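Engineer: Prediction below, plus the sequence it came from.
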Amino acid sequence: MNILHLKYAVEVERTRSITGAAANLFMSQPNLSRAIKELEESLGITIFKRTSKGIVPTTQGEEFLFRAKKILSQLDELEEDYSRDPMERQEFNVSTPRACYITRAFTSLVNSLDNAKEMDINYKETNSQRAITNILQNNYNLGIIRYQTAFESYFLKMMEEKDLKHEEIWEFRYVALMDRNHPLANKETLTKEDFKDCIEIVHGDPYVPSLQIAYVRKAEFSDLTDKKIYIYERGTQYDLLNDVPNTFMWVSPLPEEVLQRHNVVQKRIPGLSHKYKDVLIYRSGYHLSSIDHRFIEELNRAKNEIEHSDN
């Protein structure tokens, strides 16, 4: 077994096809098939099986490929660390939930970078499942996952199984976000009944490991109203809140500057929202860079601004 064998197996898994993988690897199909067979014989396991959906990993194959991708990722990092020139490129990549305080931290980070140096920056807003996948499979270094505290045990178990380090960033309750002209915007005390005629805007891709999506959606989405609009990116929510009467959504607390910019208000309603955590995750073998540390500092600064404004 050698590094090329690992790369071959990972490409076969990605394409689910010997033919497609061989083309991407610029080698013949017979040679690739022979290399995979040699790899399986040297390990004493069957890595792939043929199905109606193409070539897919066996149970043992999944475990092997997970470790193979981890090794290849570490080799890439090693090569990168020792091939940089003095004019070091500024690199940063992170997958995050859709949250204004995180975007604020990211913006502050970018403003702090040296414009005279090269930049390679990736910022992906997505759900927790894709954030985890981006770290394990797509060469992202950092991720932030969000979960309801009631589901924390599921996420802790998953992070242990995937060999991911994790650091809590913030524990909070959702606030109800609405336009300043919303009928409920100026009401001091809100109850569940106040929302029955409203339209709730929801990010429609919640995730909890090991739980069926139907159960997760039931637990994550409120029962305040039977009128819901499902969206999948953050920008749309402000257009809907501002332009569609009676809309609202549950979100993590926002900085005051963002509320002013979008002409919205946030209402803290004890007893009507679950408690959540935002948690930073990264591979166990990964060492946080100086830019990573600065981003974490900006996250804490943005979070503290919101918390202090509430006092």
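Structural biologist: The structure has been received and is ready for your questions. For clarity, every value in this text was computed on a predicted model and none was experimentally measured.

Engineer: tell me the domain boundaries of this protein?
Structural biologist: 3-81, 90-169+277-310, 172-273 (automatic domain parsing).

Engineer: and these as CSV, adding mean neighbour count and mean pLDDT?
Structural biologist: Glycine gets a C-beta too; all of them are placed from N, C-alpha and C. What follows is the domains of the chain, written out as CSV (neighbours: other Cβ atoms under 10 Å; pLDDT from 0 to 100):
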stretch, mean neighbour count, mean pLDDT
domain 3-81, 15, 89
domain 90-169+277-310, 17, 93
domain 172-273, 16, 91
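
Engineer: what are the ranges of the strands in the stretch 1-150 of the chain?
Structural biologist: 48-51, 54-57, 90-96, 119-125, 142-148 (DSSP state E, counting those that start in this stretch).

Engineer: Is Val202 in a helix, a strand, or coil?
Structural biologist: Classification of Val202 using DSSP: H, G, I helix; E, B strand; the rest coil returns strand.

Engineer: From Val279, how far off is it?
Structural biologist: Distance of Val202 to Val279, given as Cβ to Cβ, to the nearest Å: 21 Å.

Engineer: Could you do Asn242 as well?
Structural biologist: Taking Cβ to Cβ, one finds Asn242 at 31 Å from Val279.

Engineer: can you check His182 too?
Structural biologist: Computed with Cβ to Cβ, the distance linking His182 and Val279 is 32 Å.

Engineer: residue contacts, Ile296?
Structural biologist: Glu167, Ile169, Leu280, Leu288 (Cβ atoms under 8 Å, 6 or more residues apart in numbering).

Engineer: how about it, phi and psi?
Structural biologist: Main-chain dihedrals, Ile296, degrees, to the nearest 10: phi -60, psi -40.

Engineer: Equivalent analysis for Thr236, please.
Structural biologist: The phi/psi pair for Thr236 (degrees, to the nearest 10) reads phi -60, psi -30.

Engineer: cool, Val251 as well?
Structural biologist: Taking degrees, to the nearest 10 as the convention, Val251 sits at phi -140, psi 170.

Engineer: what are the bridge partners for it, then?
Structural biologist: Val175 (DSSP bridges).

Engineer: That one is in contact with Leu177, isn't it?
Structural biologist: Yes. If you go by Cβ atoms under 8 Å, Val251 and Leu177 touch, sitting 4.9 Å apart.
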